[in-house]
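Asks: what shape does this take:
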Amino acid sequence: MKSREIQISEIWNEEKKSSLKEFITTHSQKQSNERKLRNELLSIQYKIEDYIESEDMSDRLRVLDFVKLYLKTFNVTQKRLADLFEMQDSNLHKYLVGKRKLNASLVLKLSSFSHLSPEYWLRVEVKNEIIEITKEKERSKDYQKYDYRNLLVNSDD
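Replies: The predicted model follows:
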């Protein structure tokens, strides 16, 4: 018996796409609000994980970008979050956009709020610092003078 190659169109065509979309929509409508919320929270967690693990250094996302996803999911404002965190909105905003480094207290508040390990929030900030350092290094050749080989060349005298 001669086998033939399966074509992509046989696996994934418009009819099957439509059927799958209908199945997903129907299944989604049957989920409780709590389950939908858990799915949304998992989605945010996966976005954070993807960002942290990504090798791509061209797209910088701030802590604020991820916090906004939570705020949208919970339908609350940043001001209300600041009130929950017992801090002024303007102060919280400076941390979230990266004008101030996250401190332990805020990391623990974000962790408690999002139900994520504090490590997630710290790793987002560290990745952003690495992106900034990489951009600075690319912009300036001044750092080449700090190459250890320059030290070795000068110490041979």
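Asks: which element is the most centrally placed residue in the chain on?
Replies: The chain has residue 48 as the residue nearest its centroid, 2.9 Å off, counting by CA atoms, centre = their mean. Assigned by DSSP states H and E, residue 48 falls within helix 33-53.
Asks: now residue 134: phi and psi?
Replies: Backbone torsions for residue 134, taken as degrees, to the nearest 10, come to phi -60, psi -40.
Asks: helix, strand or coil: sort out residue 58 for me.
Replies: coil (DSSP: H, G, I helix; E, B strand; the rest coil).
Asks: got a pLDDT number for it?
Replies: Turning to residue 58, the model gives it a pLDDT of 83.
Asks: what's it sitting at in phi/psi?
Replies: phi -90, psi -30.
Asks: now do it against residue 69, distance only.
Replies: The gap separating residue 58 from residue 69 is 20 Å, by CB to CB, to the nearest Å. Where C-beta positions appear, they are placed from N, C-alpha and C, glycine not excepted.
Asks: which elements pack onto the helix holding residue 48?
Replies: In terms of contacts (3 or more CB pairs under 8 Å, 6 or more residues apart in numbering; DSSP states H and E), helix 33-53 is packed against helix 63-74, helix 104-114, helix 118-139.
Asks: residue 131 and residue 60 touch, don't they?
Replies: Yes - the pair residue 131 / residue 60 is scored as a contact, 5.1 Å apart, by CB atoms under 8 Å.
Asks: can you classify the closest residue in space to residue 36 that isn't next to it in sequence by secondary structure?
Replies: The shortest distance from residue 36 to any non-neighbouring residue, by CB to CB, 6 or more residues apart in numbering, is to residue 28 (7.5 Å). For residue 28, the assignment made with three-state DSSP gives helix.
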